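> predicted coordinates and the sequence they were generated for:
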Amino acid sequence: MAFTLNFITWSVAPEIFSLGSFSVRWYGVLLALGFFLAYLTLSNVFKTEKLSQQLLDKLSIWCIVWTVVGLRLGHFLFYEPQFLIQHPLQVLLPFDAQWNFVGYQGLASHGAVIALILFLTYFARKHKMNALWLLDRLCVVIPIAAAMVRLGNLMNHEIVGSITEVSWAFNFMHGGYGVADTLRHPAQLYESIVYFLLYIFMLIYYFKIRKGNIPAGRTVGILLTVIFTARFFIEFVKEVQIDSEVGMTLNIGQWLSIPFVIIGLGFLIYSYIHKNNIPHYVEPKTSSK
C-alpha cells in the first residue's frame, strides 16, 4: 500500500489555559512529566543499588535545579550573550521587565549537560562516590526527560524543521509558520523518537543485560555519543535558531555537539579497555539515636 500522507496540519495551541498574564503551557507540563518519569526510573535504579530514599530525593531535587539553570544559562551564553549581560535577572526568573509571567523562553540542552556534569562531579565527591558510577546511573534516566522536552518543543511550535516536501511534513499553525508554502520537517519529533528509543535501550541494558553492573563510563559514553550525534545530523533539517546562523555551514548547535560526541566516544573506549572496572557504591549507615 502506498504511503500517501501529504502533510500534517499542526494546530494544537501551545497554551492549555491562561489566567491573566499567567498561562499553563504544554511545554511546562511535558517538562515536569519528563522530570517525574526520570525520577521514577532513578528510584528503581536506587532500589537495585539498595540506596536510600533520602539520597534519591536529595540528588533528584538538585539535579532538577541545575538542569533548569544549565538549560537557561546555556541558551544565553551560547546564543544570546548580550541579553545575559543586560538582563541577568530575566535569564534566571520567569518574568519580563514588567514582572509579567512569561515562563522560561530560551533553553539549551548543551548547557544542561555541562551543568549536570559539574554538579554530579561535586555531589559524588561530597558523598565519596565514584563520579563515573553516579554519572552512569543518571545517564540511564536522562533520555526520557530529553524526549519529553522535545515533545514540549513540538507542542510549542518551536525549534521547527526546515521547509520540505516529504509526505509527513508538518504545517505549524502557530509561531508565524502557518502559511501554505512552509511545510516543515518535524525536527522536534525526530529528536524525541531517538531519545525515547535510547531510553528503552538504557532500561534494557541496565536492568536486564548488566543488572546494575556497568563498566565505568559505559552509559555516559552511550548517551553522549547517541544524543549528540543525532543532534548534529538532525540540525541539518532544522530552521536556524538565531539570525547570525544564516549562511553558516554548521550552526551553533552542531559546533557545540562535536566535542560532546568526541567525549562520549572517549568514555566508550575507556569503558571497553577497562571493562572489568565496575564501581559500586555502598551508602554509609546513619546512626540512630
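Done, it's in.
> now do stretch 231-242: everything it contacts.
79-80, 109, 159-162, 164, 184-185, 187, 190-191, 194, 246, 248, 250-254, 257-258, 261 (C-beta atoms under 8 Å, 6 or more residues apart in numbering). Placement of C-beta: from N, CA and C, glycine included.
> pull out the buried positions in that stretch.
Neighbour-count burial for stretch 231-242, counted by 16 or more other C-beta atoms under 10 Å, picks out 231-232, 234-235, 237-239, 241.
> re earlier: for ChimeraX, what selects the buried ones among the contacts of stretch 231-242?
In ChimeraX, this line selects whichever of those come out buried by 16+ other C-beta under 10 Å:
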select :79,80,109,159,160,161,164,184,185,187,190,191,194,251,252,253,254,257,261
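> returning to what we had before: out of the buried residues of stretch 231-242, list just those in helices.
If you go by DSSP state H, the buried residues of stretch 231-242 have 231-232, 234 in helices.
> picking up where we left off before, give me the lowest-pLDDT entry from the buried residues of stretch 231-242.
Within the buried residues of stretch 231-242, the minimum per-residue pLDDT falls on residue 241 (75).
> next, that residue: phi, psi?
phi -90, psi -30 (degrees, to the nearest 10).
> now residue 7
phi -170, psi 170.
> over to residue 170?
Backbone torsions for residue 170, taken as degrees, to the nearest 10, come to phi -110, psi 140.
> shouldn't residue 133 be in contact with residue 282?
No - with contact defined as C-beta atoms under 8 Å, residue 133 does not count as touching residue 282 (10.9 Å).
> low pLDDT regions in the stretch 51-200 of the chain?
Applying pLDDT under 70 to the stretch 51-200 of the chain picks out residues 84, 87-106, 176-181.
> that one: helices as residue ranges?
With helices called from DSSP state H, counting those that start in this stretch, the stretch 51-200 of the chain shows them at 53-78, 81-86, 88-92, 109-126, 131-155, 187-203.
> hey, which of these is tucked in deepest?
helix 131-155 (a mean of 23; mean count of other C-beta atoms under 10 Å).
> what packs against that one?
helix 26-48, helix 109-126, helix 187-203, helix 218-234 (3 or more C-beta pairs under 8 Å, 6 or more residues apart in numbering; DSSP states H and E).
> the third one versus helix 218-234: what angle between them?
If I follow you right, that is helix 187-203. Put simply, helix 187-203 runs at 160 degrees to helix 218-234, going by axes from the mean of the first three to the mean of the last three C-alpha atoms, to 10 degrees.
> CA-only coordinates of helix 187-203 in CSV, if you can.
Taking Å, rounded to 0.1, in the frame of the first residue of the first chain, the C-alpha atoms of helix 187-203 are listed here in CSV:
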residue,chain,number,x,y,z
ALA,A,187,12.6,18.0,13.7
GLN,A,188,11.4,18.0,17.3
LEU,A,189,9.7,14.7,16.7
TYR,A,190,12.8,13.2,15.1
GLU,A,191,14.8,14.0,18.2
SER,A,192,12.1,12.8,20.6
ILE,A,193,11.9,9.5,18.8
VAL,A,194,15.7,9.0,19.1
TYR,A,195,15.6,9.8,22.8
PHE,A,196,12.7,7.5,23.5
LEU,A,197,14.4,4.6,21.7
LEU,A,198,17.6,5.4,23.7
TYR,A,199,15.7,5.4,26.9
ILE,A,200,14.2,1.9,26.2
PHE,A,201,17.7,0.7,25.3
MET,A,202,19.1,2.1,28.5
LEU,A,203,16.4,0.3,30.6
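> and that helix with helix 131-155, angle?
150 degrees.
> tell me the angle of helix 187-203 relative to helix 109-126?
30 degrees.
> check what contacts helix 187-203 and list those residues.
Outside helix 187-203, the residues within contact range by C-beta under 8 Å, 6+ apart are 41, 139-141, 143-144, 146-148, 150-151, 153-154, 158-162, 170, 219, 222-223, 226-227, 230-231, 234, 237-239.
> kindly report the same for stretch 48-63.
39, 42-43, 46, 116, 119-120, 123, 127, 137-138, 207, 211-212, 280-281, 283.
> try it again with 7 Å
39, 42-43, 46, 116, 119, 123, 212, 281, 283 (C-beta atoms under 7 Å, 6 or more residues apart in numbering).
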